[in-house]
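Q: structure for the following, please:
(chains A and B)
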Amino acid sequence: MSARIATLVAAAALAVRAFAQCPAEGDCREVHETPGCIMPECCALVCEANPLCCEVTWDLACVKAAEELCGGINCPAAGSCTVPHDGPGCEDYECCDFISSLDPWCEGVQWDATCAREAAAWCGIPKCELSLPAVADENEPCYERFNDGCATPLSIGRISLACGGAVRGKISDGGPRDTEWFALDGVTPRRFRMTVHAEFPAELSLVTGGCEGPNETRWLVGETPCGAPKSLVFIAPASEVSFVLGAGGDDRTIRNSLDCDEIDPEFPPGPKDPPPFQAYGLRWTATLECLALADINADGLVNAADLALVLGAWGPRDAGLPFDPRVPDSDLNDDGQVNAADLSLVLGGW
Amino acid sequence: MTRRAPNTSFLAGLCLASFLASFLAWSGAFAARASAQEQPLVFAQPVFDAFEAPYFPAAIVPCDFDLDGNVDLVVPGRDPDGRLFTMRGLGDGRFAIAQTLVAEGFIDFACVADMNGDSREDIVAMWRGDLPRLVVYKALASGAFEPVAEVLSPLARDPQGLAVADFDGDGDVDIAALAYVGAEAEIFANDGKGAVSRVSRVQMGRFLGGLAYPRVVQAGDIDGDGDADLVAVEVGGSRIAVMRNEGGRFARAVEYRGPQIGNERPGMSSLVLADIDGDRDLDAVTPALLLEGAQKIVAFVNDGSGGFASRLVGEGPPLGYAFSVLIADFDGDGDADSAAGAALPGLVTVGRRTGAAFSFTLDGLLPFGQLIRDMRAIDVDGDCDLDIVGVDGPARAVFTCINNTPQAGCGGGVAAKRAATPQREVAAPPAREPAPGDFNADGVRDASDVAVWLSGLSRSAAEGEPVRAKEGRQP
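A: Predicted coordinates:
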């Protein structure tokens, strides 16, 4: 990523300094009469090597230079950014470049269905800076991995939040990427509402089991960055349960563009290292509320509305479908079907 | 965007140290073990059928496409020239190239199955590379295949593992395709005429700090409900992922970590399903790649309902790095023996079941080559016992080790009923510029990194730095 950023910076500087034609009409990998070509970075690189490409015409020598210098640069390219297509890149330069900084596969290999979904979800959302509440901090520098669940011993690698508790922190990626694990262990099923506000696309999941296994990701959802806080209401089964926060979307984890902005004293940056790159901000907050198990619609009451939800969901749940925490979960005892046992739990909690 | 080249000096040092230490320990112990047992497993030295460069065979798929009673092979591989080979079995353990098919991408795994209901087994394969595709090479009445494949569907990023079974119970063959970089299994339903549609996606290892890299998937009824479930091995995560069939769809994976062995967690690069304890359910067996000491194999023991929390450790190759594994009854005594393939050096060990839980006496070591990527237990010479056929990728060869273990009615050159079809076995790169050698980006350099490195090896290890097959960019 650092090399990518350096290339972008250099290319942008070149474009501003000397080559007003970048970008210009015409495919960088095809001969055309006008000078310059459509890919800003590629155009600048080629014209630095051969100024005539930006002054006279984009001839065969320019094409050959582009083929030599512009490997992996494919923004913009033919094809809608929100529709998968063969070949890398897509037609909207801003979106193409941004998604590619998060997911280099999209510019380097193919604009596949994952790229299209990422573009639909993330392009056009401006970077934001959240106003964080004055709550406890996770106390994990973003270059450390203290509460990363199975990346550390699970017994000490999770954040414990009391009902009504809140915490804030920072995330980063790298190897290993930063994840925040919250302990929700219980001896009986319990219903929670976890509200997360993040400056980055948040990958939220519920994982059961210890690190030796069985580990089951009961559900995983991707939430867009910024905007309003995102609330998920879910039942944590009676077992070792972890709510996991990371950076990513429904399809994939983000590992490429959330550099830690704190200096690791053990590995301080060198004088030639580029500054950290963050496609998004790194900060997040999380608030945990404990709800009555039978409060299916999470309104603080167990009443006719919850009863109606149980009756509406009556029957076996479709085991072939993944859990979705955005849909009210009426299977209160987690036995795979909504039946009289769940009804009695609602009535008992009325 | 630049990629940092893998640091091979770290691995090379590990290889040399491991080799020397293991060889010294093994050379004395093996002789003592072999002489102390009666009826050891006896295998002939391997015979090779080599491909010309640059073909890098990645796996073998047994079948009998020419219906002559001899086991034939489909040999998927990594080939810059875009080829897929089939090999005709000669009946004596040797194979000859039968047909060259056109491949628009590297192929790491393939299967044979009748996709369109014409009673002929087609080749189902996945092209890796920039345009990952699920394809079928249709079988012809002549016993050959259409040389140009029909594309069935786009696939997720860097498809590798592949399994076929009737997942939805409608009588035709469906497909499970594993994405190595995408870290997911895609399930495709067959319409009975050979057209497929994706019905499920199951993600794996999303909770990991590092990369899961699922590589091999096997289908089998692991929970005893009569339908075919899936078990995959995650090379980067050192875990297996169990995906239960729910009416033809698969909702989620349940993952189990490889056991602590000594001071380390093993790298796990392959997987077979086999009943290792005679309780009539399928257990999962993987090689256990270790940086220290002799290599092992690991059994994730099925509790009968598809739970694999119990794990056992068995003997593996005394040298090199365990990479592939095989469970089969090589001596005809009714229990499951083992074979394990290693890398650097490439070798195969055969282990005779001793009676104790997942304990084996190593009866033979067949040294050759560089990296034993895949093995199958097949009766290739028609004497009714199970021989070992495999591929050594960097050596560009298919090899056969003929089973000469004396056993009632079989082996020892005794011609017996020839199997008309092969016996079933009882059996990207890392994140942004990780630490050198940390190929799965989990923050530590350990056995799983060696397993990931070996999985991506595409040419002779002796040729220097490894290259990765077309995955080229970050996941």
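Q: tell me what residue 232 is bridged to.
A: Answering for chain A, as no chain was given. residue A:194 (DSSP bridges).
Q: actually, chain B is the one I wanted.
A: Assigned bridge partners for residue B:232, using DSSP bridges, are residue B:217, residue B:241.
Q: and it, how far from chain A?
A: Separation of residue B:232 from chain A (CB to the nearest CB, to the nearest Å): 13 Å. Every residue, glycine included, has its C-beta placed from N, CA and C.
Q: burial count for that residue?
A: Using other CB atoms under 10 Å in any protein chain shown, residue B:232 has 30 neighbouring residues.
Q: you'd agree it is up against residue B:178?
A: Yes: the criterion here is CB atoms under 8 Å, and residue B:232 meets it with residue B:178 at 5.8 Å.
Q: any residues in contact with both of these two?
A: Residues touching both residue B:232 and residue B:178 (CB atoms under 8 Å, 6 or more residues apart in numbering or on different chains) are B:161, B:185, B:214-217.
Q: for the residue nearest to residue B:145 when sequence neighbours are not counted, what are its contacts?
A: Leaving aside its sequence neighbours, residue B:145 sits nearest to residue B:137 (CB to CB, 6 or more residues apart in numbering or on different chains; 4.4 Å). By CB under 8 Å, 6+ apart, the contact set of residue B:137 is B:84, B:101, B:122-123, B:125, B:145-150.
Q: one more time with 7 Å, if that's ok
A: B:101, B:122-123, B:125, B:145-146, B:149 (CB atoms under 7 Å, 6 or more residues apart in numbering or on different chains).
Q: of those residues, just the buried ones, ChimeraX syntax please.
A: In ChimeraX syntax, the buried subset of the contacts of residue B:137 is picked out as below (16 or more other CB atoms under 10 Å in any protein chain shown):
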select /B:101,122,123,125,145,149
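Q: make TSV from the contacts of residue B:137 and add secondary structure to it.
A: Shown next, in TSV, are the contacts of residue B:137 (DSSP: H, G, I helix; E, B strand; the rest coil):
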residue	secondary structure
B:101	strand
B:122	strand
B:123	strand
B:125	strand
B:145	strand
B:146	coil
B:149	coil
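Q: in a markdown table: the contacts of residue B:137, plus distance to residue B:243 and pLDDT.
A: Shown next, in a markdown table, are these (distance: CB to CB, whole Å; pLDDT from 0 to 100):
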| residue | distance to residue B:243 | pLDDT |
| --- | --- | --- |
| B:101 | 30 | 97 |
| B:122 | 24 | 96 |
| B:123 | 24 | 97 |
| B:125 | 21 | 97 |
| B:145 | 30 | 96 |
| B:146 | 31 | 96 |
| B:149 | 27 | 96 |
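Q: that older thread, which of the shared contacts of residue B:232 and residue B:178 ranks first by neighbour count?
A: Going by other CB under 10 Å, residue B:214 tops those with 31 neighbours.
Q: for chain A, see how far away that residue is.
A: For residue B:214, the distance to chain A - CB to the nearest CB - is 14 Å.
Q: if I pick that residue, what's in contact with it?
A: Residue B:214 sits in contact with B:161, B:178, B:180, B:183, B:204, B:232-234, B:241, where contact means CB under 7 Å, 6+ apart.
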